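Asks: Below is the sequence, then the predicted model.
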Amino acid sequence: MTGRVSRFERTTNYLVLGVFAVLALTPVLSVLVAALGPDDSATAGPVTTVAGLHVGNFAEAWDVGQFGTYLRTSLLVSVLVVAAALVLSLLSGYAFGVMRFPGQRALFALFLLGIMLPTEAVVVPLYFDLRTLGLTDTLWALVLPQVAQSVAFGTFWMRAYFRSSSRAVVEAARLDGASHWQVLWLVLAPLARPALVTLTVLVFMWTWNEFLIPLVMVTSESLRTAPLGLAFFQGQYTSGFTLLAAGAVIVATPVVLVYLVLQRHFIAGMLEGSVRE
Amino acid sequence: MRGGRSRRSGPPGEPRLVAYLYLAPALLVFGAFALYPLGRTVQISLFDWDGLTLATWVGLGNYADVLQDEQLRGAFGHAAVLVVFWSLLPLLIGMVLASVLHRARVRGLGFFRTVVFLPQVVAMVVIAVAWRRLYAPEGLVNDVLRAVGLDGLARGWLGDYTFALPAVGLVGTWFETGLVTILLLAGMGKVPQELYEAARLDGAGRVREFLAVTLPSLRGEIAVALVLTIVAALKTFDLVYVTTSGGPGGSTTVPSYEVYRRAFELGEVGSAAAVGVTLTAAIFVVTVLVTRLVEQRDER
């Protein structure tokens, strides 16, 4: 088959491929290059090019921009959201995927609604009601709304998994006298590892990259997440691009690393899970 | 539902009650932090409220503003323009790209996939910082224009009344094209090879092959791509917040940015809520309409 495609066509394909790869990478690489270049904020005059990689920019951004604090908050929020979303989605996905109960369809429709629900639809009362409760500017205000959004998708995701793959297994385990609780945790959860990895990767990425909720919910600097910290750093630190670029690299790196290692799960999840919001 | 009967004949009543217990934790969090606030948004949207003092009932007044207020109408108009850049352009480019890639097996496809999908995983704030730099008066975009002799076109793109919105839009094209391409490529991989072989035996060229085999087989993937990208276009917030803050002169403001600005900067909370509800309704309508495309296909 491949033989029928002419050499000219093959060359064209590589050309198209190359052009698009370059276009896709340019903005990302330009930030990386700037972050590794000489600091451009100190010299007002002609740019003094110092050869070599200036890895020290990252250390400086870490200190000046407080990216260490922001990363710690982001990590804490992401771990909490991912852990809660996984456990809750396993439970609810199991109920929807394996059990039968009255009101099942209506309840599931509610969760589907949640997948489409944009943050903009809930953020206004969330802020004012949580403020009334004294919960704004706390970890709770960052974590709970994001668990709610992730659990809608997680329920949908785990239900699909449980429905497709486990009827026979569940029935065999039930005949052996296992309780539902045991079936879920001892039989199904270990089998569901690929689905769970994908869910973890997606929820981690969404939580790490979320911007509106931290922007609205948090005022103290110690609770700023990494993207929020970067946006504020850009507003305050206007001289030169080097440190801003270093900060941007710091903010992007954790998810990019996970992506490069687990890209199969990223792509599968984004394509199959499709509509989260 | 053949399996249903056997399960119902298990221990009487047990699965029913237990199911609710399994569901309860998720439903509780979801209800309290998503469904209840949604209801509250609808409620707040019916009031004139500054977030501090007593609210005044205005009925659908805030919604009338969405239709009449120039700034709000503009915001929704801008969102429609962004849909072209975030959804239609990536679909067109992705179609060409995916069919080129699919027709001839090329080496390095894995690398290419990784690269074009990369924008999807980078935080939008980072993307915004990068593109602000590229669009700056002394940035790469203008460098390239000057290099090819188009000096006259060079400008501060994000500060330009006419070009700021298309500039924001092009970031979306850049962002979504890889996703759409890979989605379509995956779909093309599922089309039975025999169909292509038959088409080629019939002497179909690239274009005929594409129209007769590829396009009809891809309805589902196209629908998913449209839903994902249109919804992303309608919800654009981080990008606008970091690159233009809606400016210059409101020329790039979008509904989600208006929600934020009205609620948390201008103290027009009721109006913000109405914009949020309208935006949500628009997203639901798009999702339902496009999803029906897929269902029609499944019925055949």
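Replies: Yep, that arrived.
Asks: what's the spacing between the residue positioned nearest the centre of chain B and chain A?
Replies: In chain B, the C-alpha nearest the mean C-alpha coordinate belongs to B:A232, at 1.8 Å (Cα atoms, centre = their mean). In this view, B:A232 and chain A are 8 Å apart by Cβ to the nearest Cβ, to the nearest Å. C-beta coordinates here come from the backbone N, C-alpha and C atoms, glycine included.
Asks: pLDDT averaged over the helix or strand containing that residue - what is it?
Replies: Assessed by DSSP states H and E, B:A232 sits inside helix B:219-235. The average pLDDT within helix B:219-235 is 91.
Asks: how far is that helix from where the chain is centred?
Replies: Computed by Cα atoms, centre = their mean, to the nearest Å, the chain-centroid distance of helix B:219-235 equals 6 Å.
Asks: From the contact counts, what lies against it?
Replies: In terms of contacts (3 or more Cβ pairs under 8 Å, 6 or more residues apart in numbering or on different chains; DSSP states H and E), helix B:219-235 is packed against helix B:70-83, helix B:89-103, helix B:164-190, helix B:255-261, helix B:269-299.
Asks: need the helix or strand of chain A with the lowest average pLDDT.
Replies: Within chain A, no helix or strand scores below helix A:263-273, which has a mean of 77 by mean pLDDT, DSSP states H and E.
Asks: relative to helix B:164-190, how tilted is that helix?
Replies: 100 degrees (axes from the mean of the first three to the mean of the last three Cα atoms, to 10 degrees).
Asks: And for B:L67, nearest residue in space, chain neighbours not counted?
Replies: B:R73 (6.8 Å; Cβ to Cβ, 6 or more residues apart in numbering or on different chains).
Asks: My read is that the one you found contacts B:D65, right?
Replies: No. B:R73 sits out of contact with B:D65 when judged by Cβ atoms under 8 Å, with a separation of 9.1 Å.
Asks: Identify all contacting residues around the helix or strand just after the helix holding B:A232.
Replies: Beyond helix B:219-235 on the C-terminal side, the first helix or strand identified by DSSP H and E is helix B:238-243. For helix B:238-243, contacts defined as Cβ atoms under 8 Å, 6 or more residues apart in numbering or on different chains pick out A:211-212, A:215, A:227, A:231, A:234, B:123-125, B:127-129, B:131-132, B:135, B:158, B:168, B:171-172, B:246, B:252-254, B:256-257, B:260.
Asks: Restricted to helices, list those residues.
Replies: Secondary structure defined by DSSP state H assigns A:212, A:215, A:227, A:231, A:234, B:124-125, B:127-129, B:131-132, B:135, B:168, B:171-172, B:256-257, B:260 of the contacts of helix B:238-243 to helices.
Asks: List only those of those flagged as buried.
Replies: Among the ones in helices among the contacts of helix B:238-243, the ones that count as buried by 16 or more other Cβ atoms under 10 Å in any protein chain shown are A:212, A:215, A:227, A:231, A:234, B:124-125, B:127-129, B:131-132, B:135, B:168, B:171-172, B:256-257, B:260.
Asks: in which helix or strand would I find the spatially most central residue of chain A?
Replies: Residue closest to the average C-alpha location in chain A (Cα atoms, centre = their mean): A:M205, at 1.0 Å. Using DSSP H and E, A:M205 maps to helix A:193-209.
Asks: And the least confident helix or strand of chain A, what's buried?
Replies: Using 16+ other Cβ under 10 Å as the test for burial, helix A:263-273 gives A:Q263, A:H265, A:F266, A:I267, A:A268, A:G269, A:M270, A:L271, A:G273.
Asks: Which ones, among those residues, also lie beside chain B?
Replies: Among these, the residues that sit close to chain B (Cβ under 8 Å from any Cβ of the partner chain) are A:Q263, A:F266, A:I267, A:M270, A:L271.
Asks: hey, where'd the helices end up in the stretch 101-250 of chain A?
Replies: Taking DSSP state H, counting those that start in this stretch as the test, the helices found in the stretch 101-250 of chain A are A:104-116, A:123-132, A:139-165, A:167-175, A:180-182, A:189-191, A:193-209, A:212-217, A:226-236, A:242-261.
Asks: How about the fourth one and chain B, touching?
Replies: Yes. Helix A:167-175 is in contact with chain B by Cβ under 8 Å from any Cβ, via A:R167, A:E171, A:R174.
Asks: quick check, nearest of the residues you listed to chain B?
Replies: Ranked by distance to chain B (Cβ to the nearest Cβ), these are led by A:R167 at 5.9 Å.
Asks: Read off the pLDDT value for that closest one.
Replies: 75.
Asks: likewise B:A26?
Replies: With respect to pLDDT, B:A26 scores 97.
Asks: which SS state does it fall under?
Replies: Using DSSP: H, G, I helix; E, B strand; the rest coil, the secondary structure recorded for B:A26 is helix.
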